[in-house]
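Student: can you look at this prediction? I've put the sequence above it.
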Amino acid sequence: MNVYLLISISFSFLLTVYAQQCQNAQIVSTSYTTQDATVLKHIAYISNFQVKCKKGDPGNLYALLGDVITPVASVGAGKYQISWTEDVKIARTGDIVVPIFNESGYVAAKKILRTGEDITTVPTFTKIVINHPGIYAGPWISCEFLAVGFSVAIAYVAIHFRSKLLN
């Protein structure tokens, strides 16, 4: 009798877990990156995305940033955020693809990272694309250099016309 009870509890638990998984997910994402490197030493990458499941719930999500898996912040019902910074000298430009894993993908990805195998074999929940167009490092010619140049030009013109008037 106890065996049948154990089997029915296990079966109902599996059905409950399977029913809660997100099916037919629709993801809408927006991203932001800092672009001013004249004052900043790090570039911030931020992506907000919303997950709408036709059935179930996405649960906890995890992002692969480089070779580290980090939890994705939940900022509301079905709303998530990923953020990190990189030094200006090594900041990537263009489209940055961030793989997102659900719980089962997270477990498989951690196992793959531990063994040193190729992480691209792990199925992802989704992939978020963040576009970073590049950084602005300031004008080609500094304002101080332009001020010195204009001062020298004005002084030359003034001295030249003064010498013409005195002659």
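Tutor: It's in. Not measured: the values here are computed from a predicted model. Numbers count the residues shown, from 1 in each chain.

Student: Arg137: what's it in contact with?
Tutor: One thing to correct before we go on: residue 137 is Ala, not Arg. Under the criterion of CB atoms under 8 Å, 6 or more residues apart in numbering, the contact list for Ala137 reads Ala37, Thr38. Every residue, glycine included, has its C-beta placed from N, CA and C.

Student: now do Ser31
Tutor: Residues counted as contacts of Ser31 (CB under 8 Å, 6+ apart) are Tyr45, Ile46, Ser47, Asn48, Ile128, Val129, Ile130, Asn131.

Student: secondary structure class for the third one?
Tutor: Reduced to three states with DSSP: H, G, I helix; E, B strand; the rest coil, the structure at Ser47 is strand.

Student: out of the contacts of Ser31, which comes closest to Trp84?
Tutor: Tyr45 (5.6 Å; CB to CB).

Student: gap between that closest one and His132?
Tutor: When CB to CB, to the nearest Å is the yardstick, Tyr45 and His132 sit 7 Å from each other.

Student: which residues do these two both contact?
Tutor: In contact with both Tyr45 and His132: Thr33, Ile96, using CB under 8 Å, 6+ apart.

Student: who's more crowded, those two?
Tutor: Tyr45 (22 against 19; other CB atoms under 10 Å).
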